[in-house]
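Visitor: Sequence and predicted model, in that order:
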Amino acid sequence: MKIRPALALLLLLAPGLSRAAEAYPVDPSTPRQTIRGWGVSLCWWANLIGAWPAEEVERVAELLAVDLGYNVFRFNIGGGENPACPFGADHIRRDGGLMPGYLAAPPTEAGPGPIDLAADTRQIAVLDALARKQPAILTVLFSNSPPWWMTRSRCAAGAVDGGANLLPEYEDDFADYLARSAAALHTRNPAWNIRHLEPFNEPLSNWWKAGGKQEGCHFGPDQQAAVLARLKQHLHVQPQPHLSLVAADCSEVPETLRVVSALRRDHPAVLASLAGLHTHSYEGTAEEKRALAADAASLRLPVWQSETGPLSWQPKDGKSWWHRHYDIADRMIEDLRELRCEVWCDWQFVSTDDAWGLLRFTDFNENAPFAGRGYARTRGYFLRKQVVNFIPPGYRILLTGPEHTLGALSPDGRRLVVLVANPGANVATHRFDLARFPGSAAVRAYRTAGPDGGETMVESPPGAFSLEAQTLTCAAPAYSLTTLVIDFTVRSALRPRLKHPIR
């Protein structure tokens, strides 16, 4: 990382004057959730990069699993598009969206064919590399669509009208396909540490339509329950003790609330079979996130934010797009505060622009999508680095004040990390009362900020800052994320909390 003069940080610590009366009291004795990890989906970018030479795949894996420290990976069990799709032979997006399926053809009277993992060498190669780099890896298997012949439209992109596409008579076949695929992937490489199986992706969305650009399938709550029940049966007949079911990966937090409500009312046994509630956070107010967190707590289930990004985002000034990175950083803080998620995931690691990916292709050509090798780190890369490098798995979340701020405490109680996001156009000042933390402390600060030169992370020189009267004041400039790392000489007291095991 680049080191620049401390003045570049615009970080102000109150000199010689206690302002604790105005500061938010940070209490180490009341932690919230424990962080289990930080993650990203592998499709579609891994379906491209997996075709690169092995040493180049290793370099990308090093950036993701070591330099950033991501440890949770969503691996896509593809449905596989119809080679004679009635809606066109080339409608799927060219940036890796044409994910292979593991069944080459519909079942015959003799039964379904064998699971063919050789069809998916590229995505598998990337996860193999990540497993070599990341000893704390957790893998979640998920599905965007059933195989095309199980659908009404005969197309893995969705139904003609955006409604339910899985034929009811294939619900058991779909569950069998997922269970056998999971078993084959685990047998092939146990080092992936496959823990969860999610049969859906944004199942209440109505944009999954035949002839679309990516695999997708609408499932109403009743059909979700039917598939989950059948999947549970298959996992019972052929046990996979390492594997548990989660749902429902809806696009929006309010949609996940609807699914939980419907399952609680109409399918309580299915709801009881789940090991966690996974949701995307493309949409959802702080109040809705708190409601889902309360639902999860009542069910004694952990929440994972399993996908997000700048969907439908528009520039604040009508032309500049760099602002979105600070909005997503602020969303990360809100998800951790209000949703109380134990895992937070991006959608893409590498993208054709800097909107979605933490790396962006610099030489992508959709007519030769596997040919390009160039990529560059985006501002999003450094914003994630500021969080993940300093709040690894095992840290416990603390409230540090109003919106836009968040704290995390190390397992030994000796390090407090405070995040301050400012997605707005004016300087925002936040004060933190650390009187509940014993002993003296050393403070370091990191920041990514502004429209220019934001593709970096600035660190303050060692010893440049200290606490004054146990109060810390941060003046966060417009469009910035600041990370404050406070190391105490004495362990802070922690109140024991119920922890959700990774099941």
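Guide: Ah, there it is.
Visitor: Show the residue spans covered by the helices in the stretch 251-400 of the chain.
Guide: For the stretch 251-400 of the chain, the helices defined by DSSP state H, counting those that start in this stretch cover 253-266, 268-272, 286-299, 324-334, 379-388.
Visitor: Kindly apply the preceding question to the stretch 51-200 of the chain instead.
Guide: 54-62, 121-133, 171-188.
Visitor: name the helices or strands packed onto the shortest one?
Guide: Applying 3 or more C-beta pairs under 8 Å, 6 or more residues apart in numbering; DSSP states H and E, one finds that helix 54-62 makes contact with helix 45-49, helix 121-133. No exception for glycine: its C-beta is placed from N, CA and C like everyone else's.
Visitor: Please report how far residue 132 lies from residue 394.
Guide: 22 Å (C-beta to C-beta, to the nearest Å).
Visitor: Also residue 263?
Guide: Distance from residue 263 to residue 394, by C-beta to C-beta: 31 Å.
Visitor: same check, this time on residue 73
Guide: The separation that residue 73 has from residue 394, given C-beta to C-beta, amounts to 19 Å.
Visitor: try residue 382
Guide: In this view, residue 382 and residue 394 are 23 Å apart by C-beta to C-beta.
Visitor: So the two - more neighbours on which side?
Guide: When residue 382 and residue 394 are compared for neighbours, residue 382 comes out ahead with 23 against 14, by other C-beta atoms under 10 Å.
Visitor: close enough to count as contact, the more buried one and residue 456?
Guide: Yes. With contact defined as C-beta atoms under 8 Å, residue 382 reaches residue 456; the gap is 6.0 Å.
Visitor: so what sits against both of these two?
Guide: Residues touching both residue 382 and residue 456 by C-beta atoms under 8 Å, 6 or more residues apart in numbering: residue 448.
Visitor: closest to residue 353 out of the helices of the stretch 51-200 of the chain?
Guide: Counting by C-beta to C-beta, residue 353 lies closest to helix 54-62 out of the helices of the stretch 51-200 of the chain; the figure is 17.3 Å.
Visitor: Sort out which residues of stretch 285-298 are buried, please.
Guide: For stretch 285-298, the neighbour count (16 or more other C-beta atoms under 10 Å) marks 288, 289, 291, 292, 293, 295, 296 as buried.
Visitor: Out of these, which is nearest to residue 185?
Guide: The closest of the buried residues of stretch 285-298, once distances to residue 185 are taken by C-beta to C-beta, is residue 296, at 27.5 Å.
Visitor: mind listing the strands for the stretch 201-350 of the chain?
Guide: Along the stretch 201-350 of the chain, counting by DSSP state E, counting those that start in this stretch, strands occupy 244-245, 247-252, 277-283, 303-307, 343-346, 350-351.
Visitor: of all those, which lies closest to residue 79?
Guide: Closest to residue 79 of the strands of the stretch 201-350 of the chain, according to C-beta to C-beta: strand 247-252, at 15.3 Å.
Visitor: just checking, what packs against that closest one?
Guide: By 3+ C-beta pairs under 8 Å, 6+ apart, strand 247-252 packs against strand 194-198, helix 221-237, helix 253-266, strand 277-283.
Visitor: among those, which is the most enclosed?
Guide: strand 277-283 (a mean of 25; mean count of other C-beta atoms under 10 Å).
Visitor: What angle do helix 324-334 and that one make with each other?
Guide: 140 degrees (axes from the mean of the first three to the mean of the last three C-alpha atoms, to 10 degrees).
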